[in-house]
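Q: sequence-free structure coming up:
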């Protein structure tokens with residue numbers, strides 16, 4: 001399976017899950033010789049989640065992490081507002097955007113996709129269209145390669 005087919009499968013499956021349930025469970029999806037597997041991420045212990053992601057990344061050629069997330073589009077803020085936003089959790093920022101996020105790892109290469117979560121005027125939220133998200137500046141325990149790769 002190629003990276004594009006894998007990421008499309010994961011995004012389609014996440015979209016179907018969100019449409020059915022109205023939310024996404026945080027999961028890591030990975031390619032194994034016998035097919036595609038998935039494990040729930042223990043989001044009550046983000047260090048354990050990071051260890052699981054790194055372990056899977058060390059042993060699988062294609063890995064995707066599916067989560068809901070908040071972000072702030074810094075390009076729509078003044079330089080001063082952007083500096084202030086960097087000191088605040090995105091979930092607390094007044095201009096936050098709620099998204100479903102799929103990050104696909106193929107070795108050291110990472111590609112991100114987001115779909116806006118649309119809640120206004122709806123009993124059940126829906127996902128907007130998936131779009132590629134820049135990952136050049138992404139960091140943190142879920143993104144950093146496993147230590148043994150350094």
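A: Right, received. Where do you want to start? These numbers come from a predicted model, not from an experiment.
Q: do you know how far residue 42 is from residue 86?
A: Distance of residue 42 to residue 86, computed by C-beta to C-beta, to the nearest Å: 28 Å. C-beta: built from backbone N, CA, C; applies to glycine.
Q: Buried residues, the lengthiest helix in the chain. List them.
A: Ranked by residue count under DSSP state H, the longest helix found in the chain is helix 3-21. Of the residues in helix 3-21, 3, 6, 7, 9, 10, 11, 13, 14, 15, 17, 18 count as buried by neighbour count, 16 or more other C-beta atoms under 10 Å.
Q: For the second one, list the residues it contacts.
A: Think residue 6. Residue 6 makes contacts with 31, 36, 62, 64, 104, as judged by C-beta atoms under 8 Å, 6 or more residues apart in numbering.
Q: now with 7 Å?
A: Taking C-beta atoms under 7 Å, 6 or more residues apart in numbering as the criterion, residue 6 is in contact with 31, 62, 64, 104.
Q: do the same with the first one
A: If you count contacts by C-beta under 7 Å, 6+ apart, residue 3 has them with 62, 104, 106.
Q: repeat for the last one
A: With contact taken as C-beta under 7 Å, 6+ apart, residue 18 is in contact with 24, 100, 127.
Q: what would the residues you listed look like in TSV with distance to residue 117, neighbour count and pLDDT?
A: Formatted as TSV, the contacts of residue 18 follow (distance: C-beta to C-beta, whole Å; neighbours: other C-beta atoms under 10 Å; pLDDT from 0 to 100):
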residue	distance to residue 117	neighbour count	pLDDT
24	9	20	93
100	6	24	95
127	6	20	94
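Q: what's the helix or strand bottoming out on mean pLDDT in the chain in contact with?
A: Ranked by mean pLDDT, DSSP states H and E, the weakest helix or strand in the chain is helix 79-86, scoring a mean of 86. With C-beta under 7 Å, 6+ apart as the test, helix 79-86 has contacts from 72, 74, 77, 93.
Q: Show me just the buried residues among those.
A: Among the contacts of helix 79-86, those classed as buried by neighbour count (16+ other C-beta under 10 Å) are 72, 77, 93.
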